[in-house]
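K.L.:
Predicted model and sequence below, questions to follow.
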Amino acid sequence: MSSVAAPARAAGRQPAEDDLLCVRDLVKHFPVTRGLLGRTVANVRAVDGVSFRIGRGETLGLVGESGSGKSTVARLVLRLLRETRGEIVFAGHELTGMRAGELKRLRRRMQIVFQDPFSAFDPRMSIADVIGEPLRAHRLADGRSARRRAGELLELVGLTGTDLDKYPHQFSGGQAQRIGIARALATSPELLVCDEAVSALDVSVQAQVLNLLRRLQRELGLSYLFIAHDLNVVRYISDRVGVMYLGQIVEEGPADELLADPRHPYTRSLAAAIAGAGPPGSRRRVLARGEAPSPSDPPAGCRFHTRCPAAFGRCREEAPALRAVGPDRTASCHLLERPGQEART
């Protein structure tokens, strides 16, 4: 973000025992059916073996082009979608296969902030009812107590109690997103999933909402899974960044290090596409060619090889594994096994 200075971040990776969320080998395939009998003819491999951790009080940013699987990961974590396979452990509880009643008790501890708050609000409901809805759904408050709590939450996000009797259409986009954040905080969650939460806002308003999220994180000890396609936004708010391409994480590491020295050609391409990001000359060296293949028919070998200007024979035949490329950093690229080759791409 150009209008604000980047805040200090926690150094390094938090210990595993402090992890709030742990995702292991997460897979989600959507069947493509045809005919009267609904015969499955293909699978859209939206998420295909994703693993990551989020520590308490930490922000993991997921970045990638549209269709890379970021939002599907978010909905899998929140149990809005059922996984094809894999494990999701939240606060020490395995969520996959959990019964509905037990899952509901845990759901109050993880909430989502959507990209478009207006589509998430019932336009016929007052703001008091919009924010009070999760309180009533989880039997945390009702009546006057719910209204009082809604007023407190509005003040927490920079609005006032006088806004309680207004309706969604009376607010600007930035104000509506603050209301969306207030509603997400109603159940006192530990994890907030922000799915493109600032992408529809003007740059100056983006900075205000991002600063609000950082302040709330400090004051409330929140953890964030922050999903965006804008590397500048992700770099500003995230402690760590995972780069997704065609359903897989191809690079992960501390935000400042990863953006200052991206190791995967796809990350380099993303960095080269924004002003001032990436190593000198990266715009010239690595720019992805064409469009991403369909997730229903991903290419063999490295999924990025069809667009990578540095691809060679092995890339077309063998899928690279995520490997350590430095302290607390991983990337999946065959070039990283060829000394000196990466620098020439």
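P.N.:
Noted; the coordinates are in hand. Residues are numbered from 1 along each chain as shown.
K.L.:
Nearest residue to the middle of this structure?
P.N.:
Closest to where the C-alpha atoms of the chain average out (CA atoms, centre = their mean) is Ile227, at 2.6 Å.
K.L.:
show me what contacts that residue?
P.N.:
Residues near Ile227 by CB atoms under 8 Å, 6 or more residues apart in numbering: 61-63, 70-71, 73-74, 193-196. Yep, even glycine has a C-beta here, placed from its N, CA and C like the rest.
K.L.:
what do you get if the cut-off is 6 Å, keeping everything else the same?
P.N.:
For Ile227, the contact set (CB atoms under 6 Å, 6 or more residues apart in numbering) comprises 62, 70, 74, 195.
K.L.:
Would you mind writing the PyMOL command to select the buried ones in the residues you listed?
P.N.:
Restricted to buried positions by 16 or more other CB atoms under 10 Å, the PyMOL selection for those reads:
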select buried, resi 62+70+74+195
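K.L.:
ok, the contacts of Ile227 vs Ser126, which is closest?
P.N.:
Minimum distance to Ser126 across the contacts of Ile227 is 25.0 Å, recorded for Asp195 (CB to CB).
K.L.:
for the closest one, what are its contacts?
P.N.:
Taking CB under 6 Å, 6+ apart as the test, what Asp195 contacts is 71, 74, 114-115, 227.
K.L.:
one more time with 8 Å
P.N.:
Asp195 makes contacts with 70-71, 74, 112-115, 227, as judged by CB under 8 Å, 6+ apart.
K.L.:
List the backbone torsions phi and psi for it.
P.N.:
Main-chain torsions, Asp195, degrees, to the nearest 10: phi -100, psi 100.
K.L.:
And for Val27?
P.N.:
Dihedral angles (degrees, to the nearest 10) for Val27: phi -130, psi 140.
K.L.:
Tell me who's in contact with it.
P.N.:
45, 47-50, 83-86.
K.L.:
now do 10 Å
P.N.:
45-50, 76, 83-86, 247 (CB atoms under 10 Å, 6 or more residues apart in numbering).
K.L.:
Check the spacing between it and His305 real quick.
P.N.:
Using CB to CB, to the nearest Å, Val27 is found at 21 Å from His305.
K.L.:
Ok, Arg79 next?
P.N.:
34 Å.
K.L.:
ditto for Thr162
P.N.:
According to CB to CB, Thr162 and His305 sit 57 Å apart.
K.L.:
Neighbour count: those two, which is higher?
P.N.:
His305 (21 against 9; other CB atoms under 10 Å).
K.L.:
tell me the contacts of the more buried one?
P.N.:
265, 299, 311-317, 319-320, 334 are the contacts of His305 under CB under 10 Å, 6+ apart.
K.L.:
Can you identify each of the helices in the protein by residue range?
P.N.:
70-77, 100-107, 117-120, 127-137, 143-156, 173-185, 203-220, 231-237, 255-260, 265-272, 282-285, 313-317, 341-344 (DSSP state H).
K.L.:
Dump the ones you listed into a markdown table; add mean pLDDT and distance to Gly57 as well.
P.N.:
Listed next are the helices of the chain as a markdown table, based on pLDDT from 0 to 100; distance: least, CB to CB, whole Å:
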| stretch | mean pLDDT | distance to Gly57 |
| --- | --- | --- |
| helix 70-77 | 95 | 17 |
| helix 100-107 | 85 | 19 |
| helix 117-120 | 87 | 25 |
| helix 127-137 | 92 | 22 |
| helix 143-156 | 94 | 18 |
| helix 173-185 | 95 | 15 |
| helix 203-220 | 94 | 7 |
| helix 231-237 | 90 | 13 |
| helix 255-260 | 91 | 15 |
| helix 265-272 | 89 | 25 |
| helix 282-285 | 46 | 32 |
| helix 313-317 | 93 | 38 |
| helix 341-344 | 45 | 34 |
